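**Student:** Build me a model:
(chains A and B)
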Amino acid sequence: MNSELLIWAALCLPLLIAIGIAVTGAFSNVREGVTLVGATVLFGVVIALAMKVAGGEVPELYVGQAAPGLDFAFKLEPLGALFALVASGLWIVNSFYSIGYMRGNRERNQTRFYICFAIAIFGAMGVAMSANLFTLFVFYEVLTLSTYPLVAHKGDAAAKRGGRIYLLTLLGTSIGLFLMAVMWTWALAGQNLDFVQGGLLAGRNLDPAVASALLILFAFGIGKAALMPFHFWLPNAMVAPTPVSALLHAVAVVKAGVFTVMKVSIYIFGEDLLNATPGREFVLWVACFTIIVASLVAMTKDNLKARLAYSTIAQLSYITLGAMLATQAGFMGGALQIAAHAVGKMTLFMCAGAIYVATGLTNISDMKGLGRKMPIVFIAFFIATLSIIGIPPMAGAWAKYELMQGAIDRGTGFVPYVLIGSSLLNIAYLLPIPILALMPTPGTPEPKPFKRPDGAPFFTVAAPVVTAGLCVVLFFLVGPLADFLSPAFEAPSSPAFAGGQP
Amino acid sequence: MIDLLLDTAPRWALLHAPALLIMVPLFLAPLLAILPSGRLSWLISIAATVFSLFCALILVGQVQASPVGVVGYDVGNWPMPIGITLRVDALNSMILLLVAAIGVLSTIFSWPTVKAEIPERKHPLFYSAFLVCFAGLSGVAITGDAFNLFVFLEISSISTYVLVALGAGRDRRALPAAFNYLIMGTLGASFYIIGVGFLYSATGTLNIAQIAEMLPSLAGNRSVEAGFAFIIVGLGLKAAVWPLHQWLPNAYAYSPSFVTMFLSATATKVALYALIRFLFTVFRPEFAFEQATFTYLLMPLGLAAMITCSFQAVFQTDVRRTLAYSSVAQVGYMILGVSIGTVAGVSAGLFHLLNHAMIKGALFMAVAGVVLTFQGTTIRDFAGLGRTAPWTMTGFAIAGLSLIGVPLTAGFQSKLQLGYALFDQGMWWGVVFVVFSSFLAVIYMGRILEAIFFRPPINPRKSRKEAPILLLVPLWILALANIYFGITTELPLGLARDAAAAAFGLEAF
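**Tutor:** Below you'll find the predicted structure:
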């Protein structure tokens, strides 16, 4: 099939699914069927596109012009293909999980929920495939707006407050800083916003002060990347139903943010200009600060989802950090972290949701000994925890390894310590949860009986098991993955990946 | 499409389009006044505005086809210094098209609201006043004579005072609002005519093109500079340039729904057109005193409007007042674009002028629907309407998002263009103001949208349904236009760019 048609399909399918869901809303089984079949077809389309990318082709699609110099155009490069694969692939898993969770919890307005979900995936696909900053910005905002009803889904006071903070922070940063950066880029690059291999702004003799200001505008304007101090929307968005937290706040939304950061670093600035920009150092410091502080805050949270949210903030900054190292290995580490963190954090969120559906528990301190009643869930949780910490043989190990490599290449002495410190903090705040649940200290009272008599619905247990499995699989598949990604960074893959084995 | 129109239109229409555009509504107006039936006068008004739209389309086509980009018309076949000339170029053909198109949509939509808000025996008079106002606004846009511009400005203003005062049937506060507007409007017109007097004393002509030709040789002439100052203030008052906007919020909040909608989309726009005409075609940006006006007067005023009036909008409890303050703020955007003083800046300002007409038109139409079915305009009255009147409120929401400047809406495109024009001149701090003002728009529109979609209805009468179909159709045409022109801006941006180029080109005028 030709690649233009495939890009059309990848964009239109989520919208068609949204329409299908709206039409069949009254029949919940048909509606869920539409979602699942549609998601599977979409994944197939994205795989077909990724195969083309792997074959060295660059699928492109020019849709039209919004105004002179502002095109709706799409172009898939390896990094975007990875993001699209992660988002569409995990959407299938998440759809199964959503069905179990939403029915198990008897949530209202399920049709609206699934429609907004499909539109959010549409936004993520657009972000992944955009060929210029203008297209990317438009889809970035589609993603923000379509996820707002999901965050405020419950409709009570807390949900509305969380939703409002979510919307205002993301819209505020994107219109206030990101859009400004886009317009400034447009002026600096001579009315052009295309993503160019090697950097759109490279070789334009930018004043280092201007480049720094622009980089800082981008770094903070992309609020979805949750760099401190614009991170607070994420914990607030945890009022959303757990599938939303899982897919959107572990995969689509936050990953769209860090993906945009990487795109801007690689294709707008480019490695060389980034190195020549003093502001890079500042953003790097902020990322390190975010990693450590968010991890410390996570330790103080007893609510499981809140702890995971702060952990997400810390883990996202790994990717920003990787981009700001501005070395091949740094970019590679950031890209691997996108995939590794997606599967790991999604597993954790889905486990949290399964626990909530079965028992109604949200606090970590109440979960001691719960592993005896829900062993599968907590084993999946344990595997994902190891991946987040970065212990082989889990996917997270490679990302951390590459980031370390990048930091050493760059010669920034403190970054490896930040990464090691972060791993230690991860151990401190994540590992006790599954361990205390599976192996409680003597004298821990038996967990109370399930709130829901049959325990967690099948799908809410099966889905995290699948993603936990992916954490392991990705570790062994890293060789092909690195080969796939390396053209994006314009250099042969590092020798460490030659065999895909350590 | 326009080519087809030029081919098929009868010869008399092609020859006399500039004159017919204003004469038909102007001469139908007294006829309406003596008609017995309101419905008949409504239908005739629709016919008149549709005819004007037809003429405006012909003019747009003729201007595009013309080698010099100008269509001239000597009224009564009296040539230039003696007679009045009508002159249409890309700049005012765009404004004429806007006024006529909004005129058609608003007249169609008007009937249900007029029936509900105006006493029945006044319906023919109401439509008569409307047609006079419509003809006056078109006249301001089309005329090539500075004094004639004053006449049309007064025609439109005086009829507007009447139209605003007719809101007294619903809310007595319309009377002081109309009186306030009368005083301010008359002051503005007087300032303008004093300014024209100064120019006449210096140049000896009232024809805009001739004044423009003679001014370069009169550089440094005090009476020209004084005339310039009077004209800027006078037209600034009409265009509601901050801080001369005090008449606007009350006039918009208390006049009949239809009048609010029509005026918000056209009246200030036409005055702004006249201002641009004088700033760029008559006086040239090369004049040193004009550069100073841009840098030290218009730009600060535009920025001040964007910020202060957006803040005022945030604290209003009445939806119509919120939107009225927002209008002043949006005029600030246009003034900001114009005051950059480059073709890109003027085209961004004009582009926003077009988009804002679509945005505010749709918003006020939806508000009119709520006034009609629920008799309330406070934010509390809007609570929960998303469920009881989903079509009306979705239209409102689309236009509201466009006002904020969300991507894929027209409002986003105009902010992009404005931002580019500012960055082009290195005025990044101007973008900071635009962005901050947009953020305030998120807050004041967000308050309303949240009430509509997330709060439960308070008023038990809210079981009543949608606005009537006559109202919904024009509303949705405008709402969809907001999305369509948010995706592809070829038509409005093309018009705005040509218009900006025309404003700068003395030869073309």
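**Student:** hmm, the longest helix along chain B in reach of chain A?
**Tutor:** When chain B is parsed with DSSP state H, its longest helix is helix B:343-374. No: counting by C-beta under 8 Å from any C-beta of the partner chain, chain A is not contacted by helix B:343-374; separation bottoms out at 9.0 Å. The C-beta positions use only the backbone N, C-alpha and C, and glycine is treated the same way.
**Student:** could you check the distance from the one residue in the stretch 201-350 of chain B that gets nearest to chain A over to A:Ala428?
**Tutor:** In the stretch 201-350 of chain B, no residue comes nearer to chain A than B:Ala344, which is 10.3 Å away by C-beta to the nearest C-beta. Distance, B:Ala344 to A:Ala428, by C-beta to C-beta, to the nearest Å: 56 Å.
**Student:** The stretch 51-200 of chain A: strands as residue ranges?
**Tutor:** Counting by DSSP state E, counting those that start in this stretch, one finds strands in the stretch 51-200 of chain A at the ranges A:60-67, A:70-75.
**Student:** Compare neighbour counts for B:Ala344 and A:Ala428 and give me the winner.
**Tutor:** B:Ala344 (20 against 14; other C-beta atoms under 10 Å in any protein chain shown).
**Student:** Just the pLDDT at the closest residue to that one other than its chain neighbours, thanks.
**Tutor:** In space, not counting the residues next to it along the chain, B:Ala344 is nearest to B:Ala421; the distance is 4.1 Å by C-beta to C-beta, 6 or more residues apart in numbering or on different chains. On the pLDDT scale, B:Ala421 is placed at 87.
**Student:** Over to A:Thr24?
**Tutor:** Looking at A:Thr24, its pLDDT reads 83.
**Student:** now B:Gly505
**Tutor:** 69.
**Student:** And for B:Ala397?
**Tutor:** 90.
**Student:** Can you tell me how far it is from chain A?
**Tutor:** Noted for B:Ala397: a distance of 11 Å to chain A, by C-beta to the nearest C-beta, to the nearest Å.
**Student:** Identify the residue nearest A:Leu436 in space, chain neighbours excluded?
**Tutor:** Excluding its sequence neighbours, the residue lying closest to A:Leu436 (C-beta to C-beta, 6+ apart) is A:Lys368, at 4.9 Å.
**Student:** what residue of chain A is the furthest out?
**Tutor:** Here the centre of chain A is the reference, and by C-alpha atoms, centre = their mean the most remote residue is A:Gly443, at 39.6 Å.
**Student:** Can you give me the neighbour number for A:Met125?
**Tutor:** By other C-beta under 10 Å, neighbour count at A:Met125 equals 31.
**Student:** Quick check: it touching A:Val86?
**Tutor:** No: the criterion here is C-beta atoms under 8 Å, and A:Met125 misses it with A:Val86 at 11.5 Å.
**Student:** How much space separates A:Glu446 from chain B?
**Tutor:** In terms of C-beta to the nearest C-beta, A:Glu446 sits 43 Å off from chain B.
**Student:** Neighbours of that residue, how many?
**Tutor:** The burial count assigned to A:Glu446 is 10, neighbours taken as other C-beta under 10 Å.
**Student:** Helix or strand for it, just tell me which one.
**Tutor:** Counting by DSSP states H and E, there is no helix or strand that carries A:Glu446.
**Student:** So for it, what's the nearest residue that isn't a sequence neighbour?
**Tutor:** Excluding the flanking residues, the one nearest A:Glu446 by C-beta to C-beta, 6+ apart is A:Gly369, at 6.8 Å.
**Student:** which phi and psi does that neighbour have?
**Tutor:** Main-chain dihedrals, A:Gly369, degrees, to the nearest 10: phi 80, psi 0.
**Student:** residues contacting it?
**Tutor:** A:Leu436, A:Ala437, A:Pro440, A:Thr444, A:Pro445, A:Glu446, A:Pro447 (C-beta atoms under 8 Å, 6 or more residues apart in numbering or on different chains).
**Student:** where's it relative to chain B, distance?
**Tutor:** If you measure A:Gly369 against chain B using C-beta to the nearest C-beta, the figure is 41 Å.
**Student:** do you know how far that residue is from B:Met358?
**Tutor:** A:Gly369 sits 63 Å away from B:Met358, going by C-beta to C-beta.
**Student:** repeat for A:Pro375
**Tutor:** Plainly put, A:Pro375 is 60 Å away from B:Met358 if you go by C-beta to C-beta.
**Student:** about what we covered before: ok, which of the strands of the stretch 51-200 of chain A comes nearest B:Trp242?
**Tutor:** Closest of the strands of the stretch 51-200 of chain A to B:Trp242 is strand A:60-67, at 28.1 Å (criterion: C-beta to C-beta).
**Student:** Could you list the buried residues of the closest one?
**Tutor:** A:Leu61, A:Val63, A:Ala66, A:Ala67 (16 or more other C-beta atoms under 10 Å in any protein chain shown).
**Student:** Switch these over to TSV; also include pLDDT and distance to chain B.
**Tutor:** Output for the buried residues of strand A:60-67, formatted as TSV (pLDDT from 0 to 100; distance: C-beta to the nearest C-beta, whole Å):
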residue	pLDDT	distance to chain B
A:Leu61	84	16
A:Val63	83	9
A:Ala66	76	6
A:Ala67	75	4
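**Student:** Need the max-distance pair from the residues you listed.
**Tutor:** The most widely separated members of the buried residues of strand A:60-67 are A:Leu61 and A:Ala67, with 18.8 Å between them, by C-beta to C-beta.
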